[in-house]
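J.: next input, structure requested:
(chains A and B, ligands or ions: 2)
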Amino acid sequence: MEKAAIVIDNLTKRFEDVTAVDGLSLEVENGELYGLLGPNGAGKTTVINVLCGLLEPTSGSVSVGGYDVQKEPVKVKELIGVCPQDAAVYPYLTGRENVELFGNLHAMPKDKLKRNTEELLGKMGLLEDAKRRVGKYSGGMKRRINLIMALVHDPKIAFLDEPTVAMDPQSRHAVWDFIRELKKENKTVILTTHYMEEAEELCDRVGIIDRGKLIALGAPKQLIDKFEEKNLEDVFIQLTGRRIRE
Amino acid sequence: MNLQRVFSLVKKDLKKMIREPAILFLIILFPVIMTLAFGASFGAIGGTQSATYEIGIVNMNSEAYKEWSEHFIGNLTDTEILKIKDYVDNETAQADLIQGNIQAVLLIPENFGESSNSFWKAPSESRLWVNTTVHLYVDSGSMFATQAIQPIIQQILAVTVYGAQPSSTARPIQIGSPSLVEASRLTQFDYFAPGLFAFAAIFLTMIVAQSFTEDREKGLLRRINITPTTPTEFMTSQTISNMLAAISQVAVVFTMAFLVGYRPLGGAISLIFAFVIVTIFSLCCVGFGLITAAISKSPGAATGIAFIFIMPQMFLGTFVSVGLSSVAQSAGRFVPAYYVTDALTSLFLRGAPISSPTILLDITVLTIVSVMVLLLGIVLFRKYGKA
Ligand SMILES: Nc1ncnc2c1ncn2[C@@H]1O[C@H](COP(=O)(O)OP(=O)(O)OP(=O)(O)O)[C@@H](O)[C@H]1O
Ligand SMILES: [Mg+2]
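T.: Ligands and ions are numbered 1, 2, ... in the order given. From the prediction side, this is the model:
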């Protein structure tokens, strides 16, 4: 069997006063679309930051695409595309310029960059606004550009941290279609979301974490059956015991 | 080093400089305004075109009939367009003429009184006259001095000595044809101008500090960090962008200064030197900006903290220090901007060659300090600035 695309082994991440991730272990297979669910502050973003090398683990280890993130960060950076939870965009650049900048930072060939940029802008419905400065975009438009910037270089592995938050239904469905396409192209994706129907709709498997610990793992259908609920949202509430706040 | 990455980052920075009004102001408009303002208030604009003309007079008339020369000077003083300044000897008068403080020097000879008197005793018997010559030195660069001063003096002389009726052409007192003296017309602006170049670049510190703290706050530094871009590529792009900004500042200051009449000594070579030395200085400003960003929690704090680096350099290392005491001026040796201003002053104001020891020392010290500050900034920012 091929080695898993992402391996998290007994990962703990402590900040001064909180333990954000607490002895977490999980594996994501090649080509899998993995949903990382959990209430606010559960540690989802922290996990992603460790996976892309922004944060050092307090203990434990993580590997991405077969490379140890601590030992070979550059190899990992070449493989991944990361859509941050808070849109990180240059306000004085236009939408297209933001996207092209990140394609260039991945050293993409010019013609491929042009092609991908236009294609993604088209799919996200931003072709018309692509020549406007992002600083003048609406919140949802910024988030769409944010997502395109993460994927323009066609990464093998994508970390999408709440990619659809604050989007209107049309945009959200466009993103869903888009994520399904990534799956067809056999990309490995970790998706975090607070929309349970999104996870149910898209993910092969979901892991629910709370206070930095994995508390449930399985395909959405399996979990619904196992906990005898009618949908994933009820499973989530039953397990985490708190209301979803986003 | 991947050039595609470096260039795309530089392109991004240049777009920022052009598109963000606050930065465009600080980089381009501010130097334009400073140069024009200083040009206007310290003389480059219309510097020597005043409505009155100063003439230095050296009265060498002996005690004999001295009242004649005093009368002559009195009449000169009465004219509205001439301003008279007395000198005790020709040397001091000539020195002022060379420095452009006065436009002409008039030498009244020892026997001026005697000559005038001889004319009055026998106006029609020219063989009894004591002949003499009044010498005139004029600033060759002043249109007025070369064209108008002699006729004016001629006329006043006629009124003073011969009365209002200059009947015959024969006279005992001649005005020698004016000797042309090349005066350097230094205005106060000439002293200020070298300091304008460093002044403009100093503010790059603030721009760098703000842009790093802002990008950090927006998560953009992290985002670049998760691309394969190396820290070296990123810092190289920052350095190049700010060097380009510094180069355009020098071009702007030169253009504006030239438009208001500034003509530095040294020609094209010193012009190129100015670009080079300010570009080196920009490394130092990037370094200070990084140090500021490393210790600032927010863009607002960065603006304030940047002034810790800007103020001393501004007061001790730019045109602001022109009027300072010598103690304060030697304190300038502790700020990098001083070396830029010192080198450019030697070059533009004193016409020193680039190979002169002062200038070589200045650029050596500046280069060493700038590279060290830049490296320190990079180290500090990588260590403390990422949070
Ligand atoms: N840089 C940091 N310094 C200190 N504490 C942090 C830091 N980053 C995260 N934390 C803490 O770690 C915990 C997990 O945060 P994290 O952002 O991973 O949660 P999350 O699951 O992504 O939440 P959300 O759904 O709200 O995005 C929180 O208690 C948070 O306050
Ligand atoms: Mg999060």
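
J.: which residues touch residue A:62?
T.: With contact set as Cβ atoms under 8 Å, 6 or more residues apart in numbering or on different chains, residue A:62 has these partners: A:6, A:7, A:8, A:9, A:11, A:50, A:51, A:68, A:69, A:70. Backbone N, C-alpha and C define where each C-beta goes, glycine included.

J.: buried residues in the longest helix anywhere in chain A?
T.: The residue-count maximum for a helix in chain A (DSSP state H) belongs to helix A:169-184. Across helix A:169-184, burial judged by 16 or more other Cβ atoms under 10 Å in any protein chain shown covers A:171, A:172, A:174, A:175, A:178, A:179, A:182, A:183.

J.: what's the answer for stretch B:297-312, then?
T.: B:299, B:302, B:305, B:306, B:309, B:310, B:312.

J.: same check on stretch B:152-167?
T.: Applying 16+ other Cβ under 10 Å to stretch B:152-167 flags B:152, B:153, B:154, B:156, B:157, B:160, B:161, B:162 as buried.

J.: wait, which of these is closest to chain A?
T.: For the buried residues of stretch B:152-167, the residue nearest chain A by Cβ to the nearest Cβ is residue B:152; the value is 62.6 Å.

J.: I figured the closest one hits residue B:75, correct?
T.: No - using Cβ atoms under 8 Å as the test, residue B:152 is too far from residue B:75 to be in contact (10.8 Å).

J.: low-scoring pLDDT stretches of chain A, where are they?
T.: A:1-2, A:242-246 (pLDDT under 70).

J.: which SS class is the most centrally placed residue in it?
T.: Centroid-nearest residue in chain A, with Cα atoms, centre = their mean: residue A:160, separated by 1.5 Å. Per DSSP: H, G, I helix; E, B strand; the rest coil, the secondary structure class of residue A:160 is strand.

J.: I'd say it and residue A:148 touch.
T.: No - with contacts counted by Cβ under 8 Å, residue A:160 stays clear of residue A:148, the gap being 11.8 Å.

J.: coming back round to it: what's the farthest-apart pair in the contacts of residue A:62?
T.: A:6 and A:70 (14.4 Å; Cβ to Cβ).

J.: more neighbours: those two, which one.
T.: Using other Cβ atoms under 10 Å in any protein chain shown as the criterion, residue A:6 and residue A:70 rank with residue A:6 on top: 23 against 14.

J.: leaving out sequence neighbours, find the closest residue to the more buried one.
T.: Nearest non-adjacent residue to residue A:6, counting by Cβ to Cβ, 6 or more residues apart in numbering or on different chains: residue A:28, 4.0 Å away.

J.: what about that neighbour, how many neighbours?
T.: So residue A:28, with other Cβ under 10 Å, has 23 neighbours.

J.: ok, now residue A:155?
T.: Residue A:155 has 21 nearby residues by other Cβ under 10 Å.

J.: what's near enough to touch residue B:343?
T.: Residues counted as contacts of residue B:343 (Cβ under 8 Å, 6+ apart) are B:273, B:277, B:358, B:359, B:362, B:363, B:366.

J.: helix or strand right after the helix or strand hosting it?
T.: Using DSSP states H and E, residue B:343 sits in helix B:336-348. Of the helices and strands lying after helix B:336-348 in sequence (DSSP H and E), the nearest is helix B:357-384.

J.: tell me where chain A has strands.
T.: A:6-14, A:19-28, A:33-37, A:59-64, A:67-68, A:80-83, A:157-161, A:188-192, A:205-210, A:213-218 (DSSP state E).

J.: now the last one: buried residues?
T.: I take that to be strand A:213-218. Those would be A:214, A:216, A:218, for strand A:213-218 by 16+ other Cβ under 10 Å.

J.: contact partners of that strand?
T.: Residues outside strand A:213-218 that contact it (Cβ under 8 Å, 6+ apart) are A:22-26, A:205-209, A:223, A:226-227, A:235, A:239-240.

J.: highest neighbour count among those?
T.: Highest count within the contacts of strand A:213-218 by other Cβ under 10 Å belongs to residue A:206, 27 neighbours.

J.: what pairs with residue A:27 across the strands?
T.: Beta-bridge partners for residue A:27, by DSSP bridges, are residue A:7.

J.: let me know whether residue B:284 touches residue B:368 as I believe.
T.: No - at 10.3 Å, residue B:284 and residue B:368 do not qualify as touching, with contact defined as Cβ under 8 Å.

J.: compare the two (neighbour count), which wins?
T.: Taking neighbours as other Cβ under 10 Å, residue B:284 and residue B:368 compare with residue B:284 leading, 29 against 10.

J.: surely that one is in a helix?
T.: Yes - according to three-state DSSP, residue B:284 belongs to a helix.

J.: and the gap between it and residue B:138?
T.: Remark: distance between residue B:284 and residue B:138 (Cβ to Cβ, to the nearest Å) = 47 Å.

J.: burial of residue B:215, as a residue count?
T.: For residue B:215, using other Cβ under 10 Å, the count is 19.

J.: how much space separates it from residue A:91?
T.: Going from residue B:215 to residue A:91 by Cβ to Cβ gives 11 Å.

J.: and for the two, which residues touch both?
T.: In contact with both residue B:215 and residue A:91: no residue, using Cβ under 8 Å, 6+ apart.

J.: once you drop chain neighbours, what's closest to residue A:134?
T.: Nearest residue to residue A:134, sequence neighbours excluded (Cβ to Cβ, 6+ apart): residue A:89, at 4.8 Å.

J.: wait, doesn't the one you found sit right on residue A:147?
T.: No - Residue A:89 is beyond contact range of residue A:147, at 10.7 Å (criterion: Cβ under 8 Å).

J.: buried residues in stretch B:240-252?
T.: B:240, B:241, B:242, B:243, B:244, B:245, B:246, B:247, B:248, B:249, B:250, B:252.

J.: I misspoke; the intended subject was stretch B:21-28.
T.: Buried residues in stretch B:21-28 (16+ other Cβ under 10 Å): B:23, B:26, B:27, B:28.

J.: residues in contact with it?
T.: The set of residues external to stretch B:21-28 that reach it, using Cβ under 8 Å, 6+ apart, is B:16, B:17, B:18, B:200, B:203, B:204, B:206, B:207, B:245, B:248, B:249, B:252.

J.: repeat that with 7 Å
T.: Residues external to stretch B:21-28 that are found in contact with it (Cβ atoms under 7 Å, 6 or more residues apart in numbering or on different chains): B:16, B:17, B:18, B:203, B:207, B:245, B:248, B:249, B:252.

J.: what separates the residue of the stretch 101-250 of chain B found nearest ligand 2 from residue A:89, distance-wise?
T.: Nearest residue of the stretch 101-250 of chain B to ligand 2 (Cβ to the ion) works out as residue B:219 at 12.2 Å. Between residue B:219 and residue A:89 the distance is 9 Å, computed by Cβ to Cβ.

J.: between the two, who's got more neighbours?
T.: residue A:89 (27 against 18).

J.: and the buried residues of helix A:169-184 near chain B, which?
T.: With Cβ under 7 Å from any Cβ of the partner chain as the criterion, the buried residues of helix A:169-184 include none near chain B.

J.: what is the nearest of those to chain B?
T.: Closest to chain B, out of all of the buried residues of helix A:169-184 and judged by Cβ to the nearest Cβ, is residue A:182, at 18.0 Å.

J.: chain B contacts on chain A?
T.: Residues of chain A lying close to chain B (Cβ under 7 Å from any Cβ) are A:52-54, A:74, A:77-78, A:80, A:82, A:84, A:86, A:88, A:90, A:92-93, A:101-102, A:104-107.

J.: residue A:83 against residue A:162, yeah?
T.: No - counting by Cβ atoms under 7 Å, residue A:83 stays clear of residue A:162, with 8.5 Å between them.

J.: the two: who's more crowded?
T.: Counted by other Cβ under 10 Å, residue A:83 and residue A:162 do not tie: residue A:83 has more neighbours, with 24 against 20.

J.: give me the number of residues near residue 228?
T.: Picking chain A for this. Going by other Cβ under 10 Å, the residues that sit close to residue A:228 add up to 9.

J.: meant chain B actually
T.: Neighbours of residue B:228 (other Cβ under 10 Å): 19.
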